[in-house]
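S.K.: got a structure for you, letters missing:
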C-alpha cells in the first residue's frame, strides 16, 4: 500500500510541481491545467536532453532535475509571500470545471478498475513496456546509458519518466501498468474537456456540456480499425504530447481573437519541448493546425482589407459582426505567411536532399489513376486507413457537418479541422514532403487531427436546442440523425451497408487467455532470476518476456525479424551451442483466439498458438540431452532450461 501511495505522490510531483511553480511565478491565470501539465513534462525532457548532450550520469541528471524543481519552488514561494495565494477559481476555471474534472478522473478510474488495462498480446503496450524495461535497466547501474543509447527523440523521454517513477516507487510492473493506464487516460480526458470548454465557451452557452459530450465521443470512437485510442495508446507518449497540442492551438486562437499577453505566448512556445522530445507527431499536428487556422484568419483579414479600401465591396452582417470581435487578425495572417515561407524552404531542401520512403500502394494511391498525366504523386487511400480511422460514424458526422456548414463558419478550429484532410492526406504536395520525413504507414494518423467528436457534440446541440418548437418532420429527421450518431459507433452487417470498424471491442476487458496473465507463472519465475539473461524462445513469448521481466529476447515485436531460430533440419552439430549461457523457454501453452486480430488484421487471429513454433525435432533434442539443457523450472506445458550444449 505504501508503495502505491509513493507511486501516486511521485507521479503527481513530476506531472504538476514544476508546472504549478511556473504558473504561479509567471502569473498564468488562463489555461492553467494545460500549462501545468505541459511545463512539468517539458522541464523533465529539457533536463534529460541536457544530460544526454553533456554525458551526465543518471545520478547527476537526478540532481539537475531536482535542483531545477527546487529553484522553481523557491521562486514560486517568494511570489506567494509577496502577492498571496492566487484564486483557485476564475473565468477560465470555475467550480463546475473542478467537479467535472474530478468526475472524469474518478469515473475513468472505476472503468479501468473494472476492465483493466488493454493488455491483449501482442498489442503495442508490450512494445512500450520492453522499452521501459530497457530504460529501467539503466537506473540499476552506476551510470546511465542514456547519452549514447537512447538520446533520440520520440517516446524515450516518456519511457525514462515512467521507469524513474516505477523504480523509485517500488511497485511491481503490473501495478504500474494499471496505474498509468488510468492516470494517462484521465489526464488526457481532462485536457480534452478543458480544451473543448475553453474553445466553445465564447460561442455556446452550455460549453461545459458540449465538452463532456466531446470527451464521451472521443472515448467511444477515436482510434483506428478496432483499436480505441485511449486504451491502445495508454502507455504511449502521444497521451502526454496531445494536451500540449491542445494548449498551443488554444493559445493561438485566443491570441488572434481576443489578445493574449506575451508571457502566455512565450510559455506556450517553450512548452513545445514536450511534443518535440516526447512524441514529435503532435508537433506536426501543431504546425499543420496553426497553418490551417492562419489560412482561415488570412481569408477574413483579406476580406476586411477589401472592405476598408474598396467601396464596392460589402460584408454580410454576420461576417462584419464576427470581424468586429477579433483583435489581432493580422497576427493570424502573418503567421500563415511565415509558416508558408518556412514550408517552402524546407520542401525545396527536402526535394533535393531527402529520399522519399517506400510507397505502399495499398495505403496510398497514385494520382495517375485519376489523371494520367501525373507521375509520382500520391494521396492517402480514402477507402483503407482513412476510412478505418473515421469509420462510418465519421461519415455520418461529415454529412451533418456539410448540411449545417453555415453553423460552423465562425468556429475556426472545427471548420478547419474538418477540412484538414483536403490540405494534408489528400494533398499530393503535402504527402510528398511527408514521405520524405516519415514512412507511409503513419500517414493516416493525420486523421487524428479531425475534430469529429467536437463537431458531433455541436451537431447534437444544434439539433436539440430548439426541440420543443420543431415540427413533427423536423423532429423525425433530428431523431434519425441522433440515432445514426449512436448506432454507427457499433459494428453491424446489413444487406446493403455494413460497418466493420468499431472501437467498442477494445473498450471491453481482455480475456485472461489473451493477456500476460495466462503466462503469469512463467513471468514470476523469470523475475526471480538475477541479472539480465538472454532468453531464446518463440517471438510471441519473447515479446511477452522482454516486456514483463528484466530479461531480453531478441526479435522485433512479435515477428521473426532479428529472431534467433530454434528449429533446424538437424541437431547433430549442436546448432544451439551458439546460444550457450542463455535460457531456453519452451512454451507449449497456447493462448486464446484473438477476435481483435481477426477484425483488425493487425495480427493473425491465431497469434497465440505459440506451440507451433517448436518442432518435434527440437523437443526431442532437448528431451534427449538433459545435461545439455538442464531443467530449471516447468509448469503446465512450459519449461525453462539452461543452455550448455557440448558440455556433456
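M.R.: That came through, no problem. All figures in this text were calculated on a predicted structure; none of them were measured in a lab.
S.K.: so what's the residue lying closest to residue 389 once chain neighbours are set aside up against?
M.R.: Nearest non-adjacent residue to residue 389, counting by C-beta to C-beta, 6 or more residues apart in numbering: residue 447, 3.9 Å away. Just so you know, the C-beta spots here come from the backbone N, C-alpha and C atoms, and that holds for glycine as well. Contacts for residue 447 (C-beta atoms under 8 Å, 6 or more residues apart in numbering) come out as 224, 385, 386, 389, 390, 421, 425.
S.K.: the residues you listed in strands, which ones?
M.R.: residue 224 (DSSP state E).
S.K.: can you flag the buried ones in the contacts of residue 447?
M.R.: Among those, the ones that count as buried by 16 or more other C-beta atoms under 10 Å are 224, 385, 386, 389, 390, 421, 425.
S.K.: can you list the residues you listed in CSV and add distance to residue 602 and pLDDT?
M.R.: Formatted as CSV, the buried ones among the contacts of residue 447 follow (distance: C-beta to C-beta, whole Å; pLDDT from 0 to 100):
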residue, distance to residue 602, pLDDT
224, 9, 94
385, 12, 93
386, 17, 95
389, 14, 95
390, 18, 95
421, 23, 97
425, 20, 96
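S.K.: from the residues you listed, which land in helices?
M.R.: 385, 386, 389, 390, 421 (DSSP state H).
S.K.: just checking, the fourth one touches residue 451?
M.R.: No. At 11.5 Å, residue 390 does not count as touching residue 451 under the criterion of C-beta atoms under 8 Å.
S.K.: that older thread, tell me the two of the contacts of residue 447 that are most distant?
M.R.: 224 and 421 (14.6 Å; C-beta to C-beta).
S.K.: so where's the chain shaky on pLDDT?
M.R.: 141-155, 306-315, 320, 645-648 (pLDDT under 70).
S.K.: where exactly do the strands run in it?
M.R.: Going by DSSP E, the chain shows strands at 223-224, 227-228, 364-366, 378-380, 492-493, 498-499, 535-536, 583-587, 631-635, 638-642.
S.K.: return the list of strands paired to the fourth one, each annotated with direction.
M.R.: Strand pairing for strand 378-380, using DSSP bridges, gives strand 364-366 (antiparallel).
S.K.: what's the strand it pairs with in contact with?
M.R.: Residues contacting strand 364-366 (C-beta under 8 Å, 6+ apart): 374, 376, 377, 378, 379, 380, 381, 431, 440, 443.
S.K.: do the same with stretch 246-253
M.R.: In contact with stretch 246-253 (C-beta under 8 Å, 6+ apart) are residues 31, 34-35, 38, 191-192, 194-195, 198-199, 260, 264-265, 268-269, 271-272, 286, 289-290, 293, 332, 335, 412-413.
S.K.: quick one: the helices in the stretch 1-150 of the chain?
M.R.: Secondary structure of the stretch 1-150 of the chain (DSSP state H, counting those that start in this stretch): helices located at 2-25, 32-53, 58-83, 95-115, 124-139, 146-149.
S.K.: so what does the fifth one touch, helix or strand wise?
M.R.: Put plainly, it is helix 124-139. Where contact means 3 or more C-beta pairs under 8 Å, 6 or more residues apart in numbering; DSSP states H and E, helix 124-139 is packed against helix 146-149, helix 156-169, helix 173-200, helix 539-548.
S.K.: how about the nearest residue to residue 357, chain neighbours excluded?
M.R.: Residue 357 sits nearest to residue 439 (C-beta to C-beta, 6+ apart), 4.6 Å away.
S.K.: where does the one you found fall, phi/psi-wise?
M.R.: Backbone torsions of residue 439, given as degrees, to the nearest 10, read phi -90, psi 170.
S.K.: how near is it to residue 630?
M.R.: 45 Å (C-beta to C-beta, to the nearest Å).
S.K.: then residue 549?
M.R.: Separation of residue 549 from residue 630 (C-beta to C-beta) stands at 20 Å.
S.K.: not counting its neighbours along the chain, what's nearest the residue positioned nearest the centre of the chain?
M.R.: In the chain, the C-alpha nearest the mean C-alpha coordinate belongs to residue 238, at 2.8 Å (C-alpha atoms, centre = their mean). For residue 238, ignoring the flanking residues on the chain, the nearest one in space by C-beta to C-beta, 6+ apart is residue 279 at 5.0 Å.
S.K.: likewise for residue 411?
M.R.: Counting by C-beta to C-beta, 6+ apart, the residue nearest residue 411 is residue 203, at 6.2 Å.
S.K.: surely the one you found touches residue 410?
M.R.: Yes. Taking contacts as C-beta under 8 Å, residue 203 lies within contact range of residue 410: 7.1 Å.
S.K.: hmm, back to that, now tabulate the buried ones among the contacts of residue 447 in TSV and tack on distance to residue 598.
M.R.: Shown next, in TSV, are the buried ones among the contacts of residue 447 (distance: C-beta to C-beta, whole Å):
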residue	distance to residue 598
224	16
385	18
386	22
389	20
390	22
421	29
425	27
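S.K.: of those residues, closest to residue 64?
M.R.: Nearest member of the buried ones among the contacts of residue 447 to residue 64, counting by C-beta to C-beta, is residue 224, at 38.5 Å.
S.K.: quick one: residues contacting the closest one.
M.R.: So residue 224 contacts 385, 388, 389, 444, 447 (C-beta under 8 Å, 6+ apart).
S.K.: and which of those is nearest residue 595?
M.R.: Nearest to residue 595 among the contacts of residue 224, with distances taken as C-beta to C-beta, is residue 388, at 16.8 Å.
S.K.: the closest one - how many residues pack around it?
M.R.: 18 (other C-beta atoms under 10 Å).
S.K.: contacts only, for the nearest residue to it once chain neighbours are set aside.
M.R.: Using C-beta to C-beta, 6+ apart and skipping the chain neighbours, the partner closest in space to residue 388 is residue 225 (4.8 Å). Applying C-beta under 8 Å, 6+ apart to residue 225 gives the contacts 388, 501, 599, 600, 601, 602.
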